[in-house]
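# Need a 3D model of the following:
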Amino acid sequence: MKITITNNEREFDCAAAWRVIGEILNKPSSVIGLSTGRTTGNLHRLIGEIYSKYPFNVASTTFFGLDEVTNVPREYAGACYTMLKTELMDALGVKDENFLMLPTVSDDFEKACKDFQQEIARRGGIDLLILGLGENGHLGFNQPGNPFDTETWVTGMHAELEVRIRRETNTPPEKQLGGITLGIKNIMQARRIVLVAKGTNKTDIVKQMLEGPVTTDVPASILQLHPNCEFLLDSKAAAGLSAK
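Below is the predicted model:
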């Protein structure tokens, strides 16, 4: 288990950005999974800034999103597709065929989940997966209590997360929201994972994730068992750890 602690947020964003860029430089045909949220937005934009000054080849790189909000248009401000596209894909000039996302709307979500999973496998599987950490330990839309053996699936949305998404995107209460996500089993099959967490609001859950038992009560605790997972933290998120 590798733990990297940065001194401040800027250093954190730079370190995370270079994890992605380094993967692309090392293997241009990499399959890279990305997460959306408050933790990852800046690092995505930083990758774009670096690319604008020092272009690197992404023509054969596949990017995909870990999860997606359902029952909304893809153009919706809170859709992961829109966030990843505006934060990074447009800046890198990634072609549509190399930007894989789960659907926001579907007549057959079960088939869509299988197709998405199979397409990632067809491209060689996940080389690098950047994971954000939920304040309750969730990964994607895999919430506390969900089993560890899940594959790509449609889930409910945790109440607190839904409140935040509605607040940040001005979504009215009559608009029903849901989630679709890679399962924990899929996540654990990634060859390399970088879990990113920053800020004082993540201090307690980081400690539970790294120093507590492996339990479905804290989904991210399963990453203790991954053979190639780096936990990239800023000093605030790491403040509660026993050994730093």
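
# What's the first helix or strand after the lowest-mean-pLDDT helix or strand in the chain?
When the helices and strands of the chain are scored by mean pLDDT, DSSP states H and E, helix 159-169 comes last with a mean of 77. Remark: after helix 159-169, the chain's next helix or strand is strand 178-181, criterion DSSP states H and E.

# quick one, helices of this protein?
Counting by DSSP state H, the chain has helices at residues 9-26, 41-53, 80-84, 90-92, 109-122, 159-169, 184-188, 203-211.

# Dump the last one to CSV, restricted to CA.
Spelled out, it's helix 203-211. C-alpha atoms of helix 203-211 as CSV (Å, rounded to 0.1, in the frame of the first residue of the first chain):
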residue,chain,number,x,y,z
THR,A,203,-9.8,13.5,7.1
ASP,A,204,-12.0,11.1,9.0
ILE,A,205,-12.9,8.9,6.1
VAL,A,206,-9.3,8.7,4.9
LYS,A,207,-8.4,7.3,8.3
GLN,A,208,-11.2,4.8,8.2
MET,A,209,-10.3,3.8,4.7
LEU,A,210,-6.6,3.2,5.4
GLU,A,211,-6.5,2.2,9.1
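
# Check which helices and strands it is in contact with.
Helix 203-211 is packed against strand 193-197, strand 229-234, with contacts defined by 3 or more CB pairs under 8 Å, 6 or more residues apart in numbering; DSSP states H and E. (C-beta placed from N, C-alpha, C; glycine too.)

# Leaving out chain neighbours, which residue sits closest to Asp204?
Residue nearest to Asp204 in three dimensions, not counting chain neighbours: Gly240, with 6.3 Å by CB to CB, 6 or more residues apart in numbering.

# burial measure for that neighbour, as a count.
Look at Gly240: counted by other CB atoms under 10 Å, it has 17 neighbours.

# likewise Thr62?
Neighbours of Thr62 using other CB under 10 Å come to 21.

# Just the local confidence number for the most centrally placed residue in the chain, please.
Centroid-nearest residue in the chain, with CA atoms, centre = their mean: Ser35, separated by 2.3 Å. Looking at Ser35, its pLDDT reads 98.

# What about it? Give its phi and psi, please.
The phi/psi pair for Ser35 (degrees, to the nearest 10) reads phi -120, psi 150.

# residues in contact with it?
Contacts for Ser35 (CB atoms under 8 Å, 6 or more residues apart in numbering) come out as 65-67, 130-132, 140, 196.

# Which of the residues you listed fall in strands?
By the criterion of DSSP state E, membership of the contacts of Ser35 in strands covers 65, 67, 130-132, 196.

# Buried subset of those residues as a PyMOL selection?
For the buried members of the ones in strands among the contacts of Ser35, the matching PyMOL selection, counting by 16 or more other CB atoms under 10 Å, is:
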select buried, resi 65+67+130+131+132+196
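
# Distance to Pro144 added to the ones in strands among the contacts of Ser35, as TSV?
Rendered in TSV, the data for the ones in strands among the contacts of Ser35 read as follows (distance: CB to CB, whole Å):
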residue	distance to Pro144
Gly65	22
Asp67	16
Ile130	21
Leu131	16
Gly132	16
Val196	20
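
# Compile the ones in strands among the contacts of Ser35 into CSV and extend it with columns for distance to Ile187 and pLDDT.
As requested, the ones in strands among the contacts of Ser35 are exported to CSV (distance: CB to CB, whole Å; pLDDT from 0 to 100):
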residue, distance to Ile187, pLDDT
Gly65, 13, 98
Asp67, 10, 97
Ile130, 11, 98
Leu131, 7, 98
Gly132, 12, 97
Val196, 14, 98
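
# for the chain, what are the low-confidence residue spans?
Low-confidence segments of the chain, defined by pLDDT under 70, are located at 244.

# Name the residue most distant from the centre of it?
In terms of distance from the mean C-alpha position of the chain, Glu174 ranks first, at 27.3 Å (CA atoms, centre = their mean).
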